[in-house]
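# sequence first, then the predicted structure, then my questions.
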Amino acid sequence: MSLRVAGLVASPWKGMNTDTLVTKILDGAKSIGARVEKIYLNDLKIIPCQACKTDPFPKYCYYLDGMEKIYEILSNADTIIIGSPAYFGTFSAQLKLVIDRSNCLGEMNSLPSGKLTFRSRLKKTKNGIFIWVANISKNPEPALTSIKIWCKFLANIELIETLIINNSDYGEGARKREELLSRAYQLGTSLNNIKS
């Protein structure tokens, strides 16, 4: 069975820096026989989390909207590529919507010691690559902190690589920098060698 790789583009701009880098990773994955798909989060109609306070089990959420596609990907993909531009030092509203609406993917787990921890309701562990594309922002740590929490406790993603781009709009832009495009492509071609 071939690897299923999904790219989530959290930028509202198609064909620009974030989209191009996600596409390059998917191209690399396709070259090794992976089944790839790309989702533009901006094209999905996703309402903000409504803080329902009641568990929607066995569903992931009471509201049926564009998040159904995201839940399906999080349940079944082998690798997920998440690409976002830096907005106010973190990431786009499109990605924030997805993260907030993943709240019901987590459940409390009681350890033998009595300590409570979060764990994901998603059974399948996926590999993940996070791309952070910044022009003015210089410090990726706020974005990385949030994405790591989402990956570990809600999405059941093992983050295997991060691609941090600064000064993305200088010169011809990140989407035309050969060293970045080559690195992104190589990340895609290396996915067969990574065990989930």
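Structure received. On a predicted model such as this, the values are computed, not experimentally measured, just so you know.
# number of residues surrounding residue 170?
Using other Cβ atoms under 10 Å, residue 170 has 10 other residues around it. In this view, the C-beta of every residue, glycine as well, is placed from N, C-alpha and C.
# wait, residue 48
When counting by other Cβ under 10 Å, one arrives at 11 neighbours for residue 48.
# list the contacts for it?
Residue 48 is in contact with 97, 100, 101, counting by Cβ atoms under 8 Å, 6 or more residues apart in numbering.
# swap in residue 89?
For residue 89, the contact set (Cβ under 8 Å, 6+ apart) comprises 137, 139, 142, 143.
# quick one: least confident of those?
Within those, pLDDT reaches its minimum at residue 137, with 94.
# for the contacts of residue 89, which one is nearest residue 93?
Nearest to residue 93, judged by Cβ to Cβ, of the contacts of residue 89 is residue 143 at 13.2 Å.
# my guess is that closest one contacts residue 83. True?
No: counting by Cβ atoms under 8 Å, residue 143 stays clear of residue 83, with 11.6 Å between them.
# the two: which is more packed in?
Each of residue 143 and residue 83 has its neighbours counted (other Cβ under 10 Å); residue 83 has more, 30 against 23.
# helix, strand or coil for residue 39?
Here residue 39 is recorded as strand under DSSP: H, G, I helix; E, B strand; the rest coil.
# list the buried residues of the longest helix seen in the chain.
Longest helix of the chain, by residue count under DSSP state H: helix 17-31. Neighbour counts over helix 17-31 (16 or more other Cβ atoms under 10 Å) mark 17, 18, 19, 20, 21, 22, 23, 24, 25, 26, 28, 29 as buried.
# now the residues you listed as CSV including distance to residue 179 and pLDDT?
Below are the buried residues of helix 17-31 laid out as CSV (distance: Cβ to Cβ, whole Å; pLDDT from 0 to 100):
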residue, distance to residue 179, pLDDT
17, 14, 98
18, 17, 98
19, 18, 98
20, 14, 98
21, 12, 98
22, 17, 98
23, 16, 98
24, 12, 98
25, 15, 98
26, 19, 98
28, 15, 98
29, 19, 98
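# just want the most central residue of this protein.
In the chain, the residue lying closest to the centroid (Cα atoms, centre = their mean) is residue 82, at 3.0 Å.
# so that one touches residue 11, yeah?
No: Residue 82 is not in contact with residue 11 according to Cβ under 8 Å; the separation is 11.2 Å.
# returning to that earlier point: so the residue nearest to the centre of the chain, which of the three states?
Once three-state DSSP is applied, residue 82 turns out strand.
# identify the residues contacting it.
Applying Cβ under 8 Å, 6+ apart to residue 82 gives the contacts 8, 10, 95, 128, 129, 130, 131, 147.
# mind listing what the residue lying farthest from the centre of the chain touches?
When distances are taken from the C-alpha mean of the chain, residue 113 lies farthest, 32.7 Å away, according to Cα atoms, centre = their mean. Contact analysis of residue 113 by Cβ under 8 Å, 6+ apart lists nothing.
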